[in-house]
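Asks: The amino acid sequence is not available; the structure is as follows:
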């Protein structure tokens, strides 16, 4: 069983819609969680970090964490074509473990 | 404020050779982590350096070794290269003496082993 699992996609949404990305993790010792965006051929870029149960909002992005269900999600409101990328979920328990990523396509 | 830098950008080697990749952390950061990212996969943790010592290590063979210098920059060395070592190698830095363990990535080094 992979420690961090994501639906590989591709996930396709129309411009202006809400994109919902999900992630589950198996290591209950993980205390902090991160969402990174990675454009093709580029390195991961940090979008959000979340440490406590509940929601955390930053602009068009909202991260949600539920430690009891071992579930992390990222909502992107008013999706733009420039949001088209692979989104990586990661959990940290002394070392960072990444999922394989979900490929998001936002169609104009 | 300079971000994380890595060199070289691209590298082509043949099987059995050795390679050294370099990383300079973001200003104010003292901890460096290295990752290997194969095509279509998420980054896999190799190891982390702090105060010139290896703090954590992932599931990688001893062919992968590293070093951290007093100025916090770091090197990743890979010996006896295999075809399967072809990947994007990412360096990430973070401020250990901080309430956050957020890591920031450099642009990566694309290694191709022929």
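Replies: In hand now; what should we look at? Remember, predicted model here, so these are calculated numbers, not experimental data. Numbers count the residues shown, from 1 in each chain, chains lettered A, B, ... in the order given.

Asks: Which other helices and strands does the helix or strand of chain A with the lowest mean pLDDT contact?
Replies: None of the helices or strands of chain A scores lower by mean pLDDT, DSSP states H and E than strand A:95-98, at a mean of 90. Judged by 3 or more CB pairs under 8 Å, 6 or more residues apart in numbering or on different chains; DSSP states H and E, strand A:95-98 is in contact with strand A:85-93, strand B:31-37, strand B:44-50. The C-beta positions use only the backbone N, C-alpha and C, and glycine is treated the same way.

Asks: Next, the angle strand B:31-37 makes with the very next helix or strand once past the last one.
Replies: Same thing as strand B:44-50. Per DSSP states H and E, the first helix or strand lying C-terminal to strand B:44-50 is strand B:53-57. For strand B:53-57 against strand B:31-37, the angle by axes from the mean of the first three to the mean of the last three CA atoms, to 10 degrees is 40 degrees.

Asks: Closest residue of chain B to chain A?
Replies: residue B:42 (3.4 Å; CB to the nearest CB).

Asks: The least confident helix or strand of chain A pairs with which strands?
Replies: Strand A:95-98 has its sheet partners listed here by DSSP bridges as strand A:85-93 (antiparallel).

Asks: Measure how buried the nearest residue to residue B:3 once chain neighbours are set aside is and give me the count.
Replies: Leaving aside its chain neighbours, residue B:3 sits nearest to residue B:26 (5.4 Å; criterion: CB to CB, 6 or more residues apart in numbering or on different chains). Taking other CB atoms under 10 Å in any protein chain shown as the criterion, the count of residues near residue B:26 is 20.

Asks: same thing with the one 3 residues further on?
Replies: A count of nearby residues for residue B:29, using other CB under 10 Å, gives 20.

Asks: what secondary structure does it sit in?
Replies: Three-state call for residue B:29 (DSSP: H, G, I helix; E, B strand; the rest coil): coil.

Asks: how far away is it from residue A:47?
Replies: Going from residue B:29 to residue A:47 by CB to CB, to the nearest Å gives 19 Å.

Asks: quick one on the thing from earlier: these two touch, right, the residue nearest to residue B:3 and residue B:93?
Replies: Yes - the pair residue B:26 / residue B:93 is scored as a contact, 4.9 Å apart, by CB atoms under 8 Å.

Asks: Can you list the low-confidence ranges for chain A?
Replies: Scanning chain A for pLDDT under 70 picks out the ranges A:1-2.

Asks: how does it look with 90?
Replies: A:1-3, A:7-9, A:27-31, A:92-96 (pLDDT under 90).

Asks: For chain B, what's the nearest residue on chain A?
Replies: residue A:98 (3.4 Å).

Asks: How many neighbouring residues does that residue have?
Replies: Counted with other CB under 10 Å, residue A:98 comes out at 24.
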